[in-house]
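Asks: Build me a model:
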Amino acid sequence: MPNYCTECGGSLVWDRKLRMYSCKSCGMTFTEAQLSAAKDRKFDREDDEDGQRRRRHSEYLDWWTSSKEKKRE
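Replies: Predicted coordinates:
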C-alpha cells in the first residue's frame, strides 16, 4: 500500500471513522482498493517502461550490427 497520496504526494493517515485513508495535504480520501489499484498501475507502468527500454536497446543493437556488416562489404 502506498504511504503517499496519489494526487499530491502528501502523507496518508488511516481514518477509523471513515475506514479510509486521507491525505494530510490535500484532504483526498482513498479506500484500500483504490490505493491497491494505484500501486498496481504504477508497477505495470514501470514494467512497460522497462520493456520499452529493452526493446529500444535491442533494436539499437540490431541496427548497430547491421550497419557494421554493411560497412565491411
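
Asks: residue nearest the centroid of this structure?
Replies: The centre of the chain sits closest to residue 42, judged by CA atoms, centre = their mean, with a distance of 2.9 Å.

Asks: what about that residue, distance to residue 4?
Replies: Here the criterion is CB to CB, to the nearest Å. By it, residue 42 lies 11 Å from residue 4. Heads up, the C-betas are built off the backbone N, CA and C, glycines and all.

Asks: Run through the strands of the chain in chain order.
Replies: Here the chain has its strands, by DSSP state E, at 12-15, 20-23, 29-30.

Asks: Quick one: distance of the second one to the chain centre.
Replies: Right, the one you point to is strand 20-23. 21 Å (CA atoms, centre = their mean, to the nearest Å).

Asks: Can you give the strand pairings for it, parallel or anti for each?
Replies: Here strand 20-23 has these sheet partners by DSSP bridges: strand 12-15 (antiparallel), strand 29-30 (antiparallel).

Asks: for those, which one ends up most surrounded?
Replies: Ranked by mean neighbour count, the strands paired with strand 20-23 are led by strand 29-30 with a mean of 17 (mean count of other CB atoms under 10 Å).

Asks: How far away from the center of its chain is it?
Replies: That offset, for strand 29-30, works out to 19 Å (CA atoms, centre = their mean).

Asks: In the beta-sheet assignment, what are the partners of residue 15?
Replies: In this entry, residue 15 is beta-bridged to residue 20, by DSSP bridges.
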